[in-house]
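In: need coordinates for the following:
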Amino acid sequence: MIPKLKRVLISLCCFGICGCVYFGLRLTRTKDFLTKRDHTDQFIVKEQAYYRQADLNNTTAKRVGVKVSEVSVKTANPFNGEAKQPTERIKHRPVSSYSLPPTLFNGTDMNPKIMAFFTKNASDPRDPYINLHQFVYSLNPSVCANTSVFLMMVIHSAPGNAKKRDLIRKTYGSLAKYRGRTLAHVFIMGRTTDDKLQNTIINESKLYGDIVQGNLPDSYSNLPQKHIMSMDWYIHHCNSSYILKLDDDVFINPYRVIDFLAGGDLTQRTMFCTKISGKGPVRSSKYKSYISYQEYPFDIYPSFCLGYAYITTPECWYSMHEVSKNSKALRMDDVFVSTALAMKAGVRKEDFGKIVFDCWYHMSHLNIETLRKKAIVIDRANRCGSRPFHYWDHIKEDLVSLRTFNNSKKYQENNIG
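Out: So this is what the prediction gives:
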């Protein structure tokens, strides 16, 4: 009798333990789900103003106030009315009609909620750099003074990356003119607390005259602010027909970039870039690109541009600089600029994949012939390293020889008979 009772008691204990584990897991999963939903509701429940174009044939847009399951439509300004028109110094080109492509998630266009989320309320605190643009430049070169620049290369660099800057100056940064068009470059960096390094940067600036240094602390966490600082410096101190934003580990063939731009005219608000669509934020905290639900409560990004390199216009930067005054930031600066700011400023994103060589996928095909044809080499995870830069002399010589050959051929054709 007693052994049987023991077996019954042991069975009851096992059943109770299993039940506790089961309900504990259910409670944890429910809590996680509610936390995720609470983060989403916390931000999308606030009514925010934003601009959205109604259709391709109507330039009048709707101002939308977004709540959890309610969209109220009101009369508003045009889609890009939040951005001021460029000043006379920034030449104005006509704006073509543009319909914002939907960001679909489970069959629902998330653009209204995303745009509302990125718009600050009047009572929200303002970031001194992203919203208030309180930039002061201790180093400010005059690369644009009294010069008609066709392509301005704005290169993001860290204070300690002197070797990378020298490599650029010796290669594509050394080209000042091609096909009658002027090229110029600057390196954008924030301040450093290392006095020895700062003195080195000052001497470097005196020697080359191509460093822009602002009062923003230079760090990985300040990349969105650094991107706005680039726009701010350009708008107040420079002008050009086009802008090529680069990181200092990106190699370009400036001849092919000029050929690409000379082949057509970018519309006023266009970004040519490596365009990524259908991707969502990284939710695992073990990755550098981790984004929490509180920072971005949606499971999908609108199409965005990789920040390594993109080509755009002064009007585009002017517009995004303006709308940043009322925008929430995102730690991923390329996503922040090409989604939050681009959407609000009415900027169109076009993929320039045909002129790009991506080391991540095609490193084994890196050679002189490839670099002669491609305009931009993107090196994710440092797979190519400095190898593309080492081909510069050969690329330069080949192009000079090719130009000489073409001129000789034209001379012969014009003098036959």
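In: any idea which residue sits dead centre in the protein?
Out: In the chain, the centroid-proximal residue (Cα atoms, centre = their mean) is D334; its distance is 2.7 Å.
In: count the neighbours of the nearest residue to it once chain neighbours are set aside for me.
Out: In space, D334 comes closest to G307 once its chain neighbours are excluded; the distance is 2.9 Å by Cβ to Cβ, 6 or more residues apart in numbering. (Glycine included, C-beta is placed from N, CA and C.) Residues lying near G307 (other Cβ atoms under 10 Å) number 21.
In: now do the SS call for G307.
Out: The local conformation at G307, judged by DSSP: H, G, I helix; E, B strand; the rest coil, is strand.
In: pretty sure it sits against D333.
Out: Yes. G307 lies in contact with D333 (Cβ atoms under 8 Å); the separation is 5.9 Å.
In: overlap in contacts, these two.
Out: Residues touching both G307 and D333 (Cβ atoms under 8 Å, 6 or more residues apart in numbering) are H227.
In: quick one: low-confidence residue ranges for this protein.
Out: Scanning the chain for pLDDT under 70 picks out 1-98, 146, 265, 398-417.
In: now do the helices in it.
Out: Ranges of helices within the chain are 2-44, 111-117, 162-170, 195-208, 223-237, 254-262, 314-323, 333-335, 342-345, 359-362, 368-373, 387-390, 392-414, based on DSSP state H.
In: contacts for the shortest one, please.
Out: Spelled out, it's helix 333-335. By Cβ under 8 Å, 6+ apart, helix 333-335 touches L223, P224, K226, H227, Y301, F304, C305, L306, G307.
In: okay, those residues in CSV with distance to V257 next?
Out: Formatted as CSV, these follow (distance: Cβ to Cβ, whole Å):
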residue, distance to V257
L223, 24
P224, 26
K226, 23
H227, 20
Y301, 27
F304, 22
C305, 16
L306, 17
G307, 17
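In: what's the burial count for P125?
Out: Neighbours of P125 under the rule other Cβ under 10 Å: 7.
In: same question for S142.
Out: Other residues lying near S142 total 10 when counted by other Cβ under 10 Å.
In: and the closest residue to it other than its chain neighbours, how close does it get to I168?
Out: Spatial nearest neighbour of S142, chain neighbours left out: G209 (7.4 Å); criterion: Cβ to Cβ, 6+ apart. From G209 across to I168, the span is 14 Å (Cβ to Cβ, to the nearest Å).
In: measure stretch 144-151 end to end?
Out: Across stretch 144-151, the straight-line distance between its terminal residues is 11 Å, by Cα to Cα, to the nearest Å.
In: list the buried ones in it?
Out: For stretch 144-151, burial by neighbour count (16 or more other Cβ atoms under 10 Å) applies to C144, V149, F150, L151.
In: where do the domain boundaries of the chain fall?
Out: 51-117, 137-353 (automatic domain parsing).
In: tell me, how many neighbours does A122 end up with?
Out: Other residues near A122 number 5, with proximity taken as other Cβ under 10 Å.
In: do Q294 as well
Out: Burial of Q294 is recorded as 12 neighbouring residues (other Cβ under 10 Å).
In: same check, this time on N199
Out: 10.
In: swap in T108?
Out: Residues within reach of T108, counting by other Cβ under 10 Å, total 11.
In: return the set of residues that bridge with it.
Out: Bridge pairing for T108 (DSSP bridges) gives the partners F105.
In: just V154 next, same as before
Out: Under the criterion used (DSSP bridges), V154 bridges to V186, K245.
In: how much space between it and S230?
Out: Distance, V154 to S230, by Cβ to Cβ: 5 Å.
In: picking up where we left off before, contact partners for the residue nearest to S142?
Out: G209 makes contact with P141, S142, V143, according to Cβ under 8 Å, 6+ apart.
In: and which of those is nearest to L261?
Out: For the contacts of G209, the residue nearest L261 by Cβ to Cβ is V143; the value is 18.7 Å.
In: now the closest one: closest residue in space, sequence neighbours ignored.
Out: Spatial nearest neighbour of V143, chain neighbours left out: A184 (4.8 Å); criterion: Cβ to Cβ, 6+ apart.
In: test my guess that that neighbour contacts C144.
Out: Yes. Contact between A184 and C144 holds when scored by Cβ under 8 Å: they sit 6.9 Å apart.
In: kindly point out which residues are neighbours of both of these two.
Out: By Cβ under 8 Å, 6+ apart, A184 and C144 have these common neighbours: M152, S240.
In: dump the buried residues of stretch 144-151 into JSON lines; add distance to H236 as well.
Out: Shown next, in JSON lines, are the buried residues of stretch 144-151 (distance: Cβ to Cβ, whole Å):
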{"residue": "C144", "distance to H236": "11"}
{"residue": "V149", "distance to H236": "15"}
{"residue": "F150", "distance to H236": "20"}
{"residue": "L151", "distance to H236": "19"}
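In: could you work out the end-to-end span of stretch 369-383 for me?
Out: Stretch 369-383 has its terminal residues 19 Å apart, counting by Cα to Cα.
In: show me the contact partners of that stretch.
Out: Residues from elsewhere that reach stretch 369-383 (Cβ under 8 Å, 6+ apart): 249-253, 256-257, 259-260, 274, 306, 308-309, 352, 355-360, 362-363, 366, 384-385, 388, 391, 395, 398-399.
In: now with 7 Å?
Out: Residues outside stretch 369-383 that contact it (Cβ atoms under 7 Å, 6 or more residues apart in numbering) are 249-253, 256-257, 260, 274, 308-309, 355-360, 363, 384, 388, 391, 395, 398.
In: filter those down to the buried ones.
Out: For the contacts of stretch 369-383, buried by 16+ other Cβ under 10 Å: 249-253, 256-257, 260, 274, 308-309, 355-359, 384, 388, 391, 395, 398.
In: if S240 is in a bridge, with which residues?
Out: Going by DSSP bridges, S240 is paired in beta bridges with V149.
In: correct me, but it touches M153?
Out: No. S240 lies out of contact with M153 (Cβ atoms under 7 Å); the separation is 9.4 Å.
In: pretty sure P102 sits against P112.
Out: No. Applying Cβ under 7 Å as the test, P102 and P112 come out as separate, 9.9 Å apart.
In: dihedrals phi and psi, the closest residue to L132 other than its chain neighbours?
Out: Excluding its sequence neighbours, the residue lying closest to L132 (Cβ to Cβ, 6+ apart) is R126, at 5.3 Å. Reported as degrees, to the nearest 10, the phi and psi values for R126 are phi -110, psi 130.
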